[in-house]
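**Q** Provided below are the primary sequence and the corresponding predicted coordinates.
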Amino acid sequence: MAMLDVSALLERRLSPGYWSLLARVSEAAADAGVRAYLVGGSVRDMLLGSAPAEMDLAIAGGPDDTLDSLAARLGGAVRSASQFGTAMIESSGILFDVVRTRRESYSRPGALPTVEFTSSIEEDLPRRDFTMNAVAVSLDRDSWGALLDPFDGRRDLEAKQVRVLHPRSFVDDPTRILRAARYAARLGFGFEDETARLLTDGLGYLGAVSGDRIRRELERIFAEDRVAAILELAEERGLPRAIHPALTLGGPLAARLGDGAAPSPAALLAALAFHASDAARDGLAQRMRLVSDWAQAVRGVGKVKARFGPLSRAELDASDLYALMADVHDGAAEACALATDDDCIHQRIQRFRRDLRGVRPILDGRDVMALGVPAGSPVGEMLHALLNARLDGLVSSGEDEKRFVRQRLGAASSTPPSHTRHSTATIAADSKYPPIGGHP
Ligand code: CTP
């Protein structure tokens, strides 16, 4: 088979650093008696006309310690490695992924593959997900720059379509369904017809995939620039609810993802579970074996939604908003801000997160005691009142705070609670600023 020579493309697309690294890999592989290939996403990106975001290499042949000896020959080091013949190697400040060529088989849908090393790239490419990724470029001295494209990935790149290599692809590895949506929306591609049908047929197998693997794929989706487009495509194809019935993309969520800083992944998952019941969100957390931030964000959504009534009140002082949100996990707060269709609530939660959450009084417990507040619970009450006063803009400087404390101590010892509105001039007691018992 005549092979296309893409050495000029390699030279054009790669930075000088990457280029010379590949030249050294080529030498090192020849010395070690193995063959090296640039493979997968790096080749795809170059064929698409962009510089590859990362370097993926495959090594064919050699004994079990091939990757270690390759790293040593490159004057580099293995940064992380797995027993599955994959490693991250660092050389001259460049980190790249290396795999030993392998065949894979699946004992059941969604299971991790059984790996068997082979010494040929031709046997490795057919295990891959899509035609556009089942491509390699030889780094061999004798065939440097030869493109291996056994499934005609280039044709699909030109036709802008995602195509699986064989009908069982999504059944073997249903995480490829999420990958398909990620690539399609990232690249502005469609699904080849048969692939689209297989994708729909494969949705039922997503339930067989471990929570950890699903979460890793979601993290990759959430980290993409075009996350909104990916989620829209996923929703259109029924992916979220196939992962778990609690998940749907609805309301203004997709539109909001375009604005501002990218949300945390935990918040994004929780936002996708916004419309579900507390029980369903709990089920999702268990299904996906969520821990730490992810679990707290998903499980915290119900608490925030239960406060939507007061959060949408016409009159809401900053201190009221703070009281409603202070005990909420930030991921849950962000999720609700992203997913609610009530703009007022959206604004208020974002205001809390941006402007209020970090507010603290200038004075501390020692300072207020020095001003005459008795030790014990009055100190906490005074600090709380000071915080509210600062949130509501009643104090700004440290002097204001001292004045505030003195006034309240005076008010507590001399006047019964009055219900006039507070001001900087006189801080009267009301429910938000109850008298703080100084002297009985
Ligand atoms: N792969 C696969 N099935 C999966 C995951 C990966 O066949 N479930 C193959 C693909 O051929 C892919 C390669 O392994 O090209 C490396 O995986 P990954 O690093 O996830 O893919 P990239 O194409 O590098 O993805 P990206 O562009 O998002 O970095």
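**A** Okay, I see it.
**Q** so where's the stretch 1-150 of the chain shaky on pLDDT?
**A** 1-2 (pLDDT under 70).
**Q** Pull out the buried residues from stretch 85-96.
**A** Using 16 or more other CB atoms under 10 Å as the test for burial, stretch 85-96 gives 85, 87-89, 91, 94, 96. From N, CA and C alone the C-beta is placed, and that goes for glycine too.
**Q** and the two most separated of those?
**A** Gly85 and Ile94 (20.6 Å; CB to CB).
**Q** Contact residues of the stretch 1-150 of the chain facing the ligand?
**A** Proximity of the stretch 1-150 of the chain to the ligand (CB under 6 Å from any ligand atom) is limited to residues 40-41, 56, 128-129, 133.
**Q** The stretch 251-400 of the chain now?
**A** Residues of the stretch 251-400 of the chain lying near the ligand (CB under 6 Å from any ligand atom): none found.
**Q** Next, count neighbours for the closest residue to the ligand within the stretch 251-400 of the chain.
**A** Here the residue of the stretch 251-400 of the chain nearest the ligand is Pro265; by CB to the nearest ligand atom that distance is 15.4 Å. Pro265 has 20 neighbours, counted by other CB atoms under 10 Å.
**Q** what's the answer for Cys344, then?
**A** 13.
**Q** same check, this time on Arg12
**A** 12.
**Q** cool, and Val395?
**A** Count around Val395 with other CB under 10 Å applied: 24.
**Q** what does the one 3 residues further on give?
**A** Residues lying near Gly398 (other CB under 10 Å) number 12.
**Q** you'd agree it is up against Val368?
**A** No - here Gly398 lies out of contact with Val368, judged by CB atoms under 8 Å, at a distance of 11.7 Å.
**Q** quick one: the strands in the stretch 101-250 of the chain?
**A** For the stretch 101-250 of the chain, the strands defined by DSSP state E, counting those that start in this stretch cover 102-105, 114-117, 136-138, 146-148, 161-162, 190-191.
**Q** For Ala370, see how far away the residue nearest the centre of the chain is.
**A** By CA atoms, centre = their mean, the chain has its centre lying nearest to Pro265, at 3.4 Å. With distances taken as CB to CB, to the nearest Å, Pro265 is found 45 Å from Ala370.
**Q** Also Arg357?
**A** 28 Å.
**Q** So which of those two has more stuff around it?
**A** Set side by side, Arg357 and Ala370 show more neighbours around Arg357, with 14 against 11, by other CB under 10 Å.
**Q** for the more buried one, phi and psi?
**A** phi -60, psi -40 (degrees, to the nearest 10).
**Q** How about Gly93?
**A** phi 80, psi 0.
**Q** Let me see the contact set for Ala285.
**A** Contacts for Ala285 were tallied using CB atoms under 8 Å, 6 or more residues apart in numbering; they are 294-295, 298-299.
**Q** In helices, which of those fall?
**A** The helices, defined by DSSP state H, take in 294-295, 298-299 from the contacts of Ala285.
**Q** Can you tell me the element Asp400 falls in?
**A** Assigned by DSSP states H and E, Asp400 falls within helix 398-414.
**Q** How far away from the center of its chain is that helix?
**A** 47 Å (CA atoms, centre = their mean, to the nearest Å).
**Q** circling back to that earlier point, I'd like the strands of the stretch 101-250 of the chain laid out as JSON lines, including mean neighbour count.
**A** Below are these laid out as JSON lines (neighbours: other CB atoms under 10 Å):
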{"stretch": "strand 102-105", "mean neighbour count": "15"}
{"stretch": "strand 114-117", "mean neighbour count": "15"}
{"stretch": "strand 136-138", "mean neighbour count": "26"}
{"stretch": "strand 146-148", "mean neighbour count": "20"}
{"stretch": "strand 161-162", "mean neighbour count": "23"}
{"stretch": "strand 190-191", "mean neighbour count": "18"}
